[in-house]
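Asker: Here's a sequence, model it:
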Amino acid sequence: MKKNPYAGIRAPKTPKKTPPFLSREEHHILISVIELADMLDPVIFGINTGCLQGEVINLRWNQIDLAKGGVILDNRAYMTKSERVRMIPLSRAVIEFLRRRREAGITEFVLMLEGKAIDPNRLNKRFNVPVLMAKLNPYFYLHNLRDTSGAEPTTEDKG
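Answerer: Okay, the predicted model is just below:
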C-alpha cells in the first residue's frame with residue numbers, strides 16, 4: 001500500500017464540555033469565604049461583567065467611563081481575545097463599587113492585589129483556596145467566572 005487511504009480525512013471534533021459555572025447559592029458561598037478584599041474585588045468584577053481574567057487584571061482607570069456606566073476594552077494595554085474594541089455595560093452595583101475604589105486612591109490599575117499589579121499565576125493560586133473552602137467544584141477556575149456572569153450579580157453580598 002503506497003498511499004494511506006485515510007490521508008486528508010480529518011478526525012471528527014469531540015464535543016466541548018459545558019464549562020463549570022456557579023449557581024446563585026454557590027456565588028454567595030464563594031463570596032462569603034473570601035476574606036481578602038483584594039481577592040474579592042476581581043471575583044465580583046468578573047462575575048458581574050463577564051470579562052476574561054486578563055481583561056480584569058489589566059484594567060486601567062482610563063478604560064472606565066462611570067458617566068456612561070461602562071468599561072471600554074480598547075486593546076491598548078491588553079489585547080482582548082477577540083481583538084475587537086468593545087464596551088461592557090456596568091450594573092449600578094459595579095459602578096458604586098468602582099466609585100468606592102476610586103475614592104480609596106487611584107493607581108494605574110483598577111484592581112490590585114496587596115497594592116501591586118495582579119500576577120495572574122498568583123491570583124489563580126489564591127483563588128483556588130476559597131473554591132476548596134466553599135466545597136465547590138475543584139475544577140472551577142477564575143477564568144470560569146466569565147461563564148458565571150449571566151447569573152444574578154453578587155456585589156451586594158460583601159461590597
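
Asker: Now for Asn4: which residues touch it?
Answerer: In this structure, Asn4 makes contact with no residue, judged by CB atoms under 8 Å, 6 or more residues apart in numbering. Every C-beta, even on glycine, is put in place using the N, C-alpha and C of the backbone.

Asker: so what pLDDT did it get?
Answerer: What the model reports as pLDDT for Asn4 is 83.

Asker: Could you give the number of residues near Pro19?
Answerer: The number of residues packed around Pro19, counting by other CB atoms under 10 Å, is 13.

Asker: which SS class is it?
Answerer: Three-state call for Pro19 (DSSP: H, G, I helix; E, B strand; the rest coil): coil.

Asker: Sticking with the residue nearest the centre of the chain, tell me its helix or strand.
Answerer: For the chain, the residue sitting closest to the mean C-alpha position, by CA atoms, centre = their mean, is Gly46 at 3.2 Å. If you go by DSSP states H and E, Gly46 is part of helix 37-49.

Asker: Quick one: mean pLDDT over that helix.
Answerer: Regarding helix 37-49, the rounded mean pLDDT is 85.

Asker: again, but for stretch 75-83
Answerer: Summarised as a single mean, pLDDT over stretch 75-83 is 70.
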